[in-house]
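Asker: Mind folding the following:
(one chain, ligands or ions: 1)
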Amino acid sequence: MMARRAWRTPVALSVFLVPACAWCQGDGLRAGVARVDITPSQPCMLSGYASRTNLSTGVHDPLSARAVAFEHGGHRVVLVSSDIIGFYGDMAEHMRARITAACGLRPDELVLTAIHTHAAPTLTLEEGKLHPNNLKYTKVLRERLIAACQAAITNLRPARIRFGSGASPVGVNRREPYLDKAGNTQIRLGRNPAIPIDTEVQVLEIREIAGDRMTSALFAYATHSTSLGAKNLVVSGDVHGLAEQFVERHLGSGVIAAAFAGASGNVDPWFRVLPGIKTENDWMPEPVLLGTMLGEEVVHTLGRTHDLGGDGPVASLIKTVELPAKTEPEKPPGAPTVPLTISVARVGDVAIVGLGAEVFNEIGRAIKDRSPFPHTMVVTHCNGGAGYLVLREAYAQGGYEVKTSPFAPEAAERVLRDIDGMLAQLKE
Ligand SMILES: [Zn+2]
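Answerer: Numbering: from 1, shown residues only. Purely as a prediction, here's the structure:
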């Protein structure tokens with residue numbers, strides 16, 4: 001541990017003048033937070049709907065990346081919330097490698113997530129793929145993510161945390177049953193309020209000890225950020241992004257509100273644009289309504305948090321598990337396994353479980369229920385994007401998530417067992 005601190009010391013000679021570990025004096029928890037703008041400055045292809053082939057036509061509300069760093073006892077963890085759709089394919093590893101190298105972080109110390117808005121640019125680093133503006137955007141994003149993490153680390157100050165739990169009706173199970181022409185029940189993307197979902201709004205409040213000042217509110221809520229549909233060509237953070245903006249404006253004083261998408265693989269916002277998007281005079285009622293509702297609940301919950309102290313510990317683990325791949329009779333067999341990245345971190349009594357996938361809501365609830373920690377935040381689109389992690393029972397019903405999932409029905413149970421083991425290790 002001392003060696004690690006020394007390695008981080010920028011000027012080795014200072015060891016004779018000041019304690020070698022001048023910035024980690026004291027035993028307490030330290031936290032730092034930063035926000036950077038990641039709104040595209042030029043028209044881009046937006047991500048999330050294959051049917052959409054035109055460039056964006058404007059910006060409804062700004063996109064940001066928000067980084068929160070925690071440090072205790074020589075361990076760090078940096079959580080990043082980005083107002084984009086996610087990091088797919090090689091993009092997660094690429095961005096993670098650049099950020100960890102620039103910030104002197106171990107791979108497990110970075111929890112890189114996205115809120116899954118479908119109204120932000122598609123990322124690419126391939127010349128000639130998509131529009132040149134998307135390539136330019138991705139390079140700028142990379143620098144800004146690094147800047148956000150560096151600033152959060154620079155801003156580390158003695159802090160304590162508080163935790164609160166609220167609830168919101170903004171999301172709803174989206175697997176709507178209907179009868180096809182042959183009279184068989186099928187599942188389509190729609191609304192199925194008959195299936196109860198985990199509606200918890202989890203809030204982790206950070207307070208700087210000096211002045212007892214709130215610096216940040218992290219919140220996790222399980223819904224797709226897709227109240228803007230496939231016809232939308234205007235940049236927006238959608239539900240989670242607008243909720244962040246609401247909380248920041250409402251609280252003022254420089255408080256940074258970072259959103260995380262909970263287990264929302266089968267959860268959509270209650271309203272999607274009806275029947276098509278109308279953006280005259282910037283009029284976008286559905287995402288503003290739902291983002292405001294979610295943000296209101298975050299503010300409400302911040303009034304009811306309880307103190308968890310400022311003693312740490314901080315710890316983290318990351319691993320890539322090989323999960324059984326789905327086999328389909330009509331398709332030639334592919335690789336037998338599909339990788340999924342799982343990250344776990346703890347800050348005091350709060351555990352954060354990050355999955356590089358779109359996870360069914362019931363699986364997120366199971367992670368929370370099984371966790372040995374008093375509070376467990378489930379965050380998805382985290383350190384990668386492997387596709388839908390589906391509940392075993394859903395395979396017989398079919399539907400979009402089942403059709404597109406790369407995983408076999410037993411994958412979710414395997415993931416739960418892996419997370420059990422990782423959380424137990426963090427508890428030690
Ligand atoms: Zn999705």
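Asker: Pairing partners for the helix or strand hosting residue 318, with directions?
Answerer: For residue 318, the host element (DSSP states H and E) is strand 314-324. Taking DSSP bridges as the criterion, strand 314-324 sits next to strand 337-347 (antiparallel) in its sheet.
Asker: following the partner strand, which helix or strand comes up?
Answerer: Later in the chain than strand 337-347, the nearest helix or strand by DSSP H and E is strand 350-355.
Asker: which other helices and strands contact the following helix or strand past that following strand?
Answerer: Taking DSSP H and E as the definition, the helix or strand that follows strand 350-355 towards the C-terminus is strand 358-359. If you count contacts as 3 or more C-beta pairs under 8 Å, 6 or more residues apart in numbering; DSSP states H and E, strand 358-359 packs onto strand 388-389. Backbone N, C-alpha and C define where each C-beta goes, glycine included.
Asker: partner strands of the strand it packs on, parallel or antiparallel?
Answerer: Listed by DSSP bridges, the sheet partners of strand 388-389 and their directions read strand 358-359 (parallel).
Asker: Just the C-alphas of the strand holding residue 318, formatted as PDB.
Answerer: Coordinates of the C-alpha atoms in strand 314-324 are reproduced here as PDB (Å, rounded to 0.1, in the frame of the first residue of the first chain):
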ATOM      1  CA  VAL A 314     -13.300   1.700  -0.100                       C
ATOM      2  CA  ALA A 315     -12.700  -1.400  -2.100                       C
ATOM      3  CA  SER A 316     -13.400  -2.700  -5.600                       C
ATOM      4  CA  LEU A 317     -13.200  -5.800  -7.900                       C
ATOM      5  CA  ILE A 318     -13.700  -6.400 -11.500                       C
ATOM      6  CA  LYS A 319     -13.900  -9.600 -13.500                       C
ATOM      7  CA  THR A 320     -15.000 -10.800 -16.900                       C
ATOM      8  CA  VAL A 321     -17.100 -14.000 -16.700                       C
ATOM      9  CA  GLU A 322     -17.700 -16.300 -19.600                       C
ATOM     10  CA  LEU A 323     -21.400 -17.100 -19.800                       C
ATOM     11  CA  PRO A 324     -23.100 -19.900 -21.700                       C
END
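Asker: Quick check: which ranges of the protein have low pLDDT?
Answerer: By pLDDT under 70, the weakly predicted segments of the chain are 1-26, 275, 277, 279.
Asker: please redo it, this time with the cut-off set to 50
Answerer: By pLDDT under 50, the weakly predicted segments of the chain are 1-25.
Asker: So which bits of the longest helix along it are buried?
Answerer: Assignment by DSSP state H gives helix 132-154 as the longest helix of the chain. In terms of neighbour count (16 or more other C-beta atoms under 10 Å), helix 132-154 has its buried residues at 133-135, 137-138, 141-142, 144-153.
Asker: Please apply the same query to stretch 71-90.
Answerer: Applying a neighbour-count criterion of 16+ other C-beta under 10 Å, one finds 71-72, 75-88 buried in stretch 71-90.
Asker: Please, where are all the strands along the stretch 51-200 of the chain?
Answerer: 58-59, 64-72, 75-82, 110-114, 157-167, 171-173, 175-179, 185-189, 200-208 (DSSP state E, counting those that start in this stretch).
Asker: What segments of the protein are helices?
Answerer: Under the criterion DSSP H, the chain carries helices at the ranges 2-8, 91-103, 132-154, 238-251, 285-302, 361-370, 394-397, 400-404, 411-427.
Asker: Can you list the helices and strands that the longest one packs against?
Answerer: Just to be clear, that refers to helix 132-154. For helix 132-154, the elements it packs on are strand 30-37, strand 64-72, strand 75-82, helix 91-103, judged by 3+ C-beta pairs under 8 Å, 6+ apart.
Asker: Identify whichever of those lies nearest to residue 58.
Answerer: Using C-beta to C-beta as the criterion, the shortest distance between residue 58 and these is 16.1 Å, found for strand 30-37.
Asker: Quick one: residues contacting residue 235.
Answerer: The contact partners of residue 235, by C-beta atoms under 8 Å, 6 or more residues apart in numbering, come to 39-40, 44, 46, 56, 58-61, 63, 119-121.
Asker: one more time with 7 Å, if that's ok
Answerer: By C-beta atoms under 7 Å, 6 or more residues apart in numbering, the contact list for residue 235 reads 39-40, 56, 59-60, 63, 119-120.
Asker: What is the nearest of those to residue 337?
Answerer: Out of the contacts of residue 235, the one with the shortest distance to residue 337 is residue 120. That distance is 30.6 Å, counting by C-beta to C-beta.
Asker: Relative to residue 196, how far out is that closest one?
Answerer: Relative to residue 196, residue 120 is positioned 30 Å away (criterion: C-beta to C-beta, to the nearest Å).
Asker: Equivalent analysis for residue 377, please.
Answerer: Counting by C-beta to C-beta, the gap from residue 377 to residue 196 is 20 Å.
Asker: Show me which of these two is the more surrounded one.
Answerer: For residue 377 against residue 196, the residue with the higher neighbour count under other C-beta atoms under 10 Å is residue 377, and the figures read 27 against 10.
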